[in-house]
Each structure stands twice: as structure tokens, then as C-alpha cells.
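Q: build me a structure from this.
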Amino acid sequence: MMRKILVILPVTFLRKLVEDILKNYFHDISLVATVKEALSLIKAGQIPDLIISSYILEDGDVFDLLEALEKEQKIQKVPVLLLTSEEDPELIERALKKGVLEVILKKDIPKKLPKVLKHFVRIIELQKLEGTIIYVEDANLYVKFLTQILDETKLKVFSFQTVEEALKFFEQNDIDLVIADYVLGGGDSGLDLVRSIREHPEKGDVPIIVLTGYDTPARRIELFKAGADDYIPKPPLKEEILIKVFNYLTKKKVLDRLKEKIRELESLYIKDPLTGLYNRNVIEDFLLKEFERAKRYNYDIGFIMADLDRFKEINDKFGHLTGTLVKRIVSPYKISSQTFASIRIKQT
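A: All right, here's what the predicted structure looks like:
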């Protein structure tokens, strides 16, 4: 995932320090010294995910930059990080009011900048992360709050007021994350939702975050026992929700890929890659179980084997590639000379 950053720093040694830190988090780094250079890049279509600027620039200061950015429709929502050597509370307050994301003193850059960037990169990746979220909440205020937080992402959020509605949607769709309030209308609770989802035979491992206004040790233990992955006390913090949503969605994507690989390996183990039919391992296991069941309940069992007549002549006359093609054509009819000829089972 390509992450872009625009750095506006006139001091050479400071640019080198910042650049060395940025290389750990961003793939595309643009370094300039003036507001004019920064705007030229933006107007040329190089829209960054983050802007880092010094307070004093060669052709103005950070407030000139912020004013110019306000006029650029494409970049109005791009966050700005301010680096300054001035420990001036009035300056910091003014910068934050003008929309600066965070102010870092230059003496704190080696320690604080990596922490800020690590958090910010997660937010960038969340904005580009795709997935489907169920949000179960009966208070419109919190529904609006969460919707606004995730509004600029590619995530699809479907909100419901009752457990019944949420479970119906859950059954019919692929869900990547469930967020639920503990106290819900309709006589159910978030705890009921957690238990119902965990009992699902196929999709019961979806991550679940519960919001609760009753943050007590007993409540947390109850939620974890039921199968909740995490909880967030109300009122929730925007940053906490974003980080936890990112973490659980990322884990879900990784687990989905892992399960797909496992299914592929299982298929290779139990099926003949040439014909797609079950191989000797599966057939022997199945037949042995059937024989045991027949002995236990004292009923007869039959076993039919089939072969392709004169198949060797096909290989000899037309070659093994043609023979393979014949097997693939015949295999949907559940006939495979290789598969059945390899089975040797004796009834005891």
C-alpha cells in the first residue's frame, strides 16, 4: 500500500533526521523548503496522506501554509503535523485551533515522531481497508458518532437496533467485524448477540467488540466468557475505536487468507488433483467406517468398483496427455481407474 507524505522543512540537518524516521513508515516522501514548492506538488496531483511542516518556512510560516491549503479543494482534509522549537502555549493553541493535527517540539522529534507516525499510519491503512461491519445500537447518537468516524473509509457499516435484526443480516452476508452495545432494545443484550454468533457453525469466529457504559470487572469477565474479543467503555474515544477496528479487521483478513490456504491444502490431501475425485485416503476411511457401522447394526453393505476398458491402449496410441484428458472427461461420472484400482479393502 503506497503511503505518501509531504515534508516542508528549510533546515537541512533537520530534514535528514526527519527523513530517516519517515522511511520506516512511508514509501513516497517529498521534501521541500517553501509553501510555494508544496503547493506546486499538490496542484500537480501529488496529494499526500500527511503533511509535516516547520513553523518558520523560507517564504512564510505554517499559518501561511494552512491558509493556502484551505483554498485547495483536493487537500482540505489532509492532516498537518507541526514541528517547532518554540515552547509557546499560545502558538500551540493557535495552531491546533487552525486545524493542525499535533505539535511536536524539535527536541522531542526522535522520541515522539515515530509514535505519532505509527498511530497515523494505522489510520491511513484503515481508510483504505475494505470490509463489512455490523453495528448494533439503539441510541441514534452513537450510531451517528460511529458512522461519522468511519465515513471516510471504504468500510460498509450496517446498523441495527435489535439482536434479531442483526442476526438475520449476519446469516445472509459475509461480515468482517461486529460492534454491539451491551444494553439493547427488544429484551436482548449485546451478550445475547455474542453468544448467538459464537454458536454459528461456520461464521462463529468473526471478531466482536462490545460497547458498554457499565465498565466493571464482573461485566468484562462476563463478556469475555461469552466470546467477545474486546470491549470499549462509553463514551468511546475516536482514536480507540479506529485503532481497535483496524486491528481486528486486519486480523480477520489474515485469518481468512490462512483458512483459504488450509482449505487448499486439505483439498490436495483428500482429492486427486488430476480428476478432482476423492483419493484413497478418504475412500478407505469412509469405507472402514461404513463397514464398522454395518457390523454394529447388522446390515449388509455393497461396494461397486468400475474401470475404464482398454485405457492403456488410449495412452499407448494417443499419448498420456490424451489419457489425462479422457480421465478428466470421465471423472464427473465418478469413474476413475487410478482411484479405484488403488483400493484394497478386506471385510473382517
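Q: do a quick rundown of the strands in this structure.
A: 4-8, 28-32, 50-54, 56-57, 60-61, 80-84, 102-105, 130-136, 154-160, 177-181, 208-212, 230-233 (DSSP state E).
Q: any regions of the stretch 201-348 of the chain where pLDDT drops low?
A: Across the stretch 201-348 of the chain, the ranges flagged by pLDDT under 70 are 275-276, 331-348.
Q: before we move on, what about the stretch 1-150 of the chain?
A: Using pLDDT under 70, the flagged stretches of the stretch 1-150 of the chain are 1-2, 73-76.
Q: if we can go back for a sec, just so I know, which of the strands of the chain lies nearest E72?
A: Set against E72 and scored by CB to CB, the strands of the chain come closest in strand 50-54, at 11.2 Å. C-beta: built from backbone N, CA, C; applies to glycine.
Q: same for the closest one, what does it pack against?
A: strand 4-8, helix 12-22, helix 62-70, strand 80-84 (3 or more CB pairs under 8 Å, 6 or more residues apart in numbering; DSSP states H and E).
Q: F170 touches K203, doesn't it?
A: Yes: taking contacts as CB atoms under 8 Å, F170 lies within contact range of K203: 7.2 Å.
Q: overlap in contacts, these two.
A: Common contacts of F170 and K203 (CB atoms under 8 Å, 6 or more residues apart in numbering): I197.
Q: these two - which one has more neighbours?
A: Neighbour comparison, F170 and K203: the larger count goes to F170, with 22 against 12 (by other CB atoms under 10 Å).
Q: tell me how far the more buried one lies from G204.
A: According to CB to CB, to the nearest Å, F170 and G204 sit 10 Å apart.
Q: repeat for G187
A: Distance, G187 to G204, by CB to CB: 23 Å.
Q: quick one, longest helix in the chain?
A: helix 238-270 (DSSP state H).
Q: can you give me the buried ones in it?
A: For helix 238-270, the neighbour count (16 or more other CB atoms under 10 Å) marks I241, L242, K244, V245, F246, N247, Y248, L249, K252 as buried.
Q: stretch 101-110 too?
A: Using 16+ other CB under 10 Å as the test for burial, stretch 101-110 gives L101, E102, V103, I104, K106, I109.
Q: for stretch 288-296, same thing?
A: Result for stretch 288-296 [16+ other CB under 10 Å]: buried residues F291.
Q: what's the spacing between that stretch and its chain's center?
A: Its chain's C-alpha centre and that of stretch 288-296 lie 45 Å apart, by CA atoms, centre = their mean, to the nearest Å.
Q: about what we covered before: shared neighbours of F170 and G204, anything?
A: Residues touching both F170 and G204 by CB under 8 Å, 6+ apart: I197.
Q: contacts made by stretch 198-206 with the rest, please.
A: Under CB under 8 Å, 6+ apart, the answer for stretch 198-206 is F170, D174, I175, D176, L177, V178, I197, A226, G227, K252, L255.
Q: pull the distance from that stretch to the chain's centre.
A: 18 Å.
Q: with stretch 112-127 instead?
A: For stretch 112-127, the distance to the chain centre is 16 Å (CA atoms, centre = their mean).
Q: neighbours of L117, how many?
A: Neighbours around L117, by other CB under 10 Å: 21.
Q: give the contact list for the spatially closest residue to it that is not a sequence neighbour.
A: Nearest in space to L117, with sequence neighbours left out and distances taken as CB to CB, 6 or more residues apart in numbering, is Y25 at 4.6 Å. Residues near Y25 by CB under 8 Å, 6+ apart: R3, P114, L117, K118, F120, V121.
Q: quick one on the thing from earlier: mind putting the buried residues of helix 238-270 in JSON lines, distance to V80 included?
A: Formatted as JSON lines, those follow (distance: CB to CB, whole Å):
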{"residue": "I241", "distance to V80": "23"}
{"residue": "L242", "distance to V80": "19"}
{"residue": "K244", "distance to V80": "26"}
{"residue": "V245", "distance to V80": "24"}
{"residue": "F246", "distance to V80": "22"}
{"residue": "N247", "distance to V80": "26"}
{"residue": "Y248", "distance to V80": "29"}
{"residue": "L249", "distance to V80": "27"}
{"residue": "K252", "distance to V80": "32"}
